[in-house]
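Participant: Quick one: sequence and predicted model below, then my questions.
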Amino acid sequence: MNATPTPPPSRIGVPRRVAVPLLGIVFLLGIVFRLDDLAARGMGHAEIFVPGIDLPRGLSVPLPRLTLWETVLGAIREPHPPAWYVAMWPWTWLLGTDLFLIRLPSVLFGAASIPLAYGLARLEGERLTALLAAGLLAFNGQHIFWSQVARPFAMACFLGLASTLLLLLVLRGGQRQRLFLALYVTASLAGLATLYYFWPIFLTHTLWVLWNTWTGRASTPGVLRSQLFILLLGSLAIPLAIIQSRPSYLSRGLLEVVGEFLQFGSLFQVDRDALVPAPLPTGAAAVLLVLAGLLLVAGLRVNRSHAPGWTAADVAGPSPRHLGLTAALACLAILAVATVFHGSVPRLMAQDADLAAFFHGSVSRKATLLFASALVPLLAFLLAALLERQLARRRPPGVLAPEAPARSAGPCTLVSFLAVTPVLMIAGVSLVVPSAAARHMLLFTPYLLIVLARGAAAVARFSPVLFVALAVFLAAIHGLSIAYNKHRPGSPIDYKGLAQRWIPHIQARDVILVRRHWVTTPIFYYLRGDRYQFAEWHTPRAVQNLRGSRVWVLSFPGLALPEELRDTLAGYQPSVKVEARRVKAELYVPPPAHSRPPEAFPPTPAARR
């Protein structure tokens with residue numbers, strides 16, 4: 001795609017010598033906010049799934065993931081593809097599992113998204129829009145929050161921006177077009193292997209290229225074949241999604257999530273646990289939503305009236321023969337997975353109680369879906385072949401519709417598509433299965449912010465005074481968002497606070513009773529299994545050996561003590577109670593005739609983390 005930038009006339013121009021330093025300042029501030037108090041939040045259940053954390057076997061959910069094989073197997077029981085977990089394994093193997101270090105990759109991906117947002121908006125031809133978009137993302141409190149959490153969302157957001165920018169660079173043509181195509185394929189496959197919510201971004205890419213080709217605004221069958229190649233390889237994630245499938249745990253309403261998303265990318269996600277008070281009253285939130293709506297409409301109108309001219313350049317994509325071979329191999333791979341699942345899982349369930357609980361009552365249904373999913377690559381290949389034939393009949397390759405302006409194929413329309421279409425896809429799926437969550441909408445936030453920045457730039461063309469007032473308001477509201485999200489805890493349960501108060505009370509021979517549950521597991525990050533004596537509530541052998549030992553019982557709201565444990569501790573006297581937010585540890589002391597003399601822990605290095 002050969003581009004000749006023709007930015008719309010603006011009363012507030014930003015020369016290059018000013019834009020570059022401003023972008024540098026925004027980028028550095030974005031890094032500072034993402035590094036600020038990075039290790040201050042305690043460990044929560046969401047981050048305990050990071051590979052490399054030493055957890056006690058038989059007591060933790062998830063199981064420890066100390067090897068690459070354990071990491072891959074553990075990811076099968078996750079609701080996400082395994083790419084992020086696999087990428088984190090060498091990181092923690094080399095650097096350790098300190099909170100700062102396991103969260104640092106999210107910081108890096110989050111910060112790297114800022115210049116990508118600038119570059120994507122800059123392709124529209126106006127530096128003011130690009131600077132505004134970079135600033136809105138850099139100081140977005142929700143994006144900063146998830147850039148400080150060891151989860152795959154910041155990485156997936158980065159890959160979405162990278163793949164979008166690379167797609168436009170492919171269409172721009174030039175000597176490095178083939179390199180950009182290879183990078184686009186790599187980034188797209190990495191995104192699909194990181195989060196299932198990346199699919200709406202990739203599908204929007206494909207629909208946009210197809211729309212431009214179908215309407216004659218561009219003729220890029222080679223790009224479409226490359227996207228089909230990505231789709232065929234990405235279809236290998238379908239059997240994994242079927243195996244991982246479970247009832248949805250997302251409970252927030254669709255309108256609530258979308259409404260927050262439209263407020264400049266969930267600046268103030270409502271804390272349903274009521275741990276942090278909402279900074280905005282309902283009326284102010286409504287005003288923010290109306291303002292975002294007006295800027296969104298203005299930004300989408302700029303898409304039609306001020307987009308620069310672009311001329312699409314096609315690239316030699318995979319041949320139909322190679323695509324057919326890829327489809328056949330993908331089909332065989334899915335059939336192999338289905339066969340192994342059908343033959344092995346029932347036998348493994350008899351040996352593994354966790355596996356039996358995970359697949360209880362669903363093995364037959366999932367096996368059927370796995371075999372049926374083998375048809376997806378073949379059907380996609382056949383549908384693409386029919387569609388390409390129809391496109392060739394409709395208009396020969398390389399011929400554009402004379403009535404279609406070339407600028408309609410440019411980045412402006414793609415960003416507009418990405419600001420709207422993925423949200424509509426999620427909304428459609430949510431009508432059947434609840435699928436909307438603010439953390440997942442983070443992937444689509446940069447495109448919304450670029451369109452909103454486009455609308456703000458339109459305000460600058462209309463009235464510089466009004467634009468300055470708007471800029472001051474946005475700066476204030478984003479500062480408030482940063483402060484609000486900084487105080488949001490990473491988990492509703494304060495494991496770190498409990499550990500700090502609890503550890504001084506624990507003696508060497510104390511037994512700590514826990515329930516094997518995901519809500520319990522993060523405490524093992526602070527109380528290592530090789531230093532403390534843990535036993536599971538529901539293990540009769542462990543309960544029988546408690547006589548003479550002081551017993552700690554770790555409990556959470558909703559996890560009541562089992563009756564057999566109450567009977568075992570009938571002669572014990574409650575002694576010490578240590579509490580933190582939504583968790584407590586209670587000490588039970590045996591009768592004097594059965595008690596053991598206290599024994600202090602040997603000197604050890606400073607408490608872990």
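Facilitator: Thanks, I have it. Residues are numbered from 1 along each chain as shown.
Participant: Neighbours of Q244, how many?
Facilitator: Neighbourhood size, Q244 [other Cβ atoms under 10 Å]: 19. In short, each C-beta sits where N, CA and C put it, glycine included.
Participant: How about the contacts made by it?
Facilitator: Q244 is in contact with I76, R77, E78, P79, counting by Cβ atoms under 8 Å, 6 or more residues apart in numbering.
Participant: Could you do L369 as well?
Facilitator: L369 neighbours (Cβ under 8 Å, 6+ apart): I242.
Participant: does A19 really touch E126, like I thought?
Facilitator: No: at 10.2 Å, A19 does not count as touching E126 under the criterion of Cβ atoms under 8 Å.
Participant: So for these two, which residue has more residues nearby?
Facilitator: Between A19 and E126, E126 has the larger neighbour count (other Cβ under 10 Å), namely 26 against 18.
Participant: So that one sits against A457, correct?
Facilitator: Yes: E126 lies in contact with A457 (Cβ under 8 Å); the separation is 6.1 Å.
Participant: Most neighbours among the contacts of Q244, which one is it?
Facilitator: Counting by other Cβ under 10 Å, top hit in the contacts of Q244: R77 with 17 neighbours.
Participant: and that residue, that one's in a helix?
Facilitator: No: secondary structure of R77 (DSSP: H, G, I helix; E, B strand; the rest coil): coil, not part of a helix.
Participant: Tell me the spacing between it and N212.
Facilitator: 41 Å (Cβ to Cβ, to the nearest Å).
Participant: neighbours around G428, how many?
Facilitator: Neighbours of G428 under the rule other Cβ under 10 Å: 12.
Participant: Could you say which helix or strand holds it?
Facilitator: helix 411-430 (DSSP states H and E).
Participant: For the following helix or strand past that helix, which outside residues touch it?
Facilitator: Note on helix 411-430: by DSSP H and E, the next helix or strand toward the C-terminus is helix 438-441. Residues from elsewhere that reach helix 438-441 (Cβ under 8 Å, 6+ apart): 142, 146, 151, 153, 195, 197, 252, 257-258, 260-261, 265-266, 269, 423, 426.
Participant: out of the contacts of Q244, who's nearest I48?
Facilitator: Distance to I48 across those (Cβ to Cβ) is lowest for E78, with 12.1 Å.
Participant: got any ranges where the stretch 101-250 of the chain has weak pLDDT?
Facilitator: Scanning the stretch 101-250 of the chain for pLDDT under 70 picks out the ranges 125.
Participant: what about 90?
Facilitator: Confidence mapping of the stretch 101-250 of the chain against pLDDT under 90 gives the ranges 123-126, 172-175, 211-222, 245-250.
Participant: so what's G52 up against?
Facilitator: R65, L66, M88, W89, W91, T92, W93, G96, T97.
Participant: what would those residues look like in a markdown table with pLDDT?
Facilitator: Supplementary listing: the contacts of G52 in a markdown table, determined by pLDDT from 0 to 100:
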| residue | pLDDT |
| --- | --- |
| R65 | 93 |
| L66 | 94 |
| M88 | 97 |
| W89 | 96 |
| W91 | 97 |
| T92 | 97 |
| W93 | 96 |
| G96 | 95 |
| T97 | 96 |
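Participant: Can I get the residues you listed in CSV including distance to M441, neighbour count and secondary structure?
Facilitator: What follows is those, written out as CSV (distance: Cβ to Cβ, whole Å; neighbours: other Cβ atoms under 10 Å; DSSP: H, G, I helix; E, B strand; the rest coil):
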residue, distance to M441, neighbour count, secondary structure
R65, 28, 24, coil
L66, 33, 17, coil
M88, 23, 22, helix
W89, 28, 21, helix
W91, 26, 18, helix
T92, 28, 21, helix
W93, 32, 15, helix
G96, 32, 12, coil
T97, 29, 21, coil
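Participant: List just the nearest of these to T413.
Facilitator: M88 (36.0 Å).
Participant: any idea of the mean pLDDT in the biggest helix by length in the chain?
Facilitator: For the chain, the longest helix by residue count, based on DSSP state H, is helix 320-351. In this model, helix 320-351 carries a mean pLDDT of 92.
Participant: next structured bit after that helix?
Facilitator: Next along from helix 320-351, by DSSP H and E: helix 353-358.
Participant: Name the residues of that next one that come out as buried.
Facilitator: Of the residues in helix 353-358, F358 count as buried by neighbour count, 16 or more other Cβ atoms under 10 Å.
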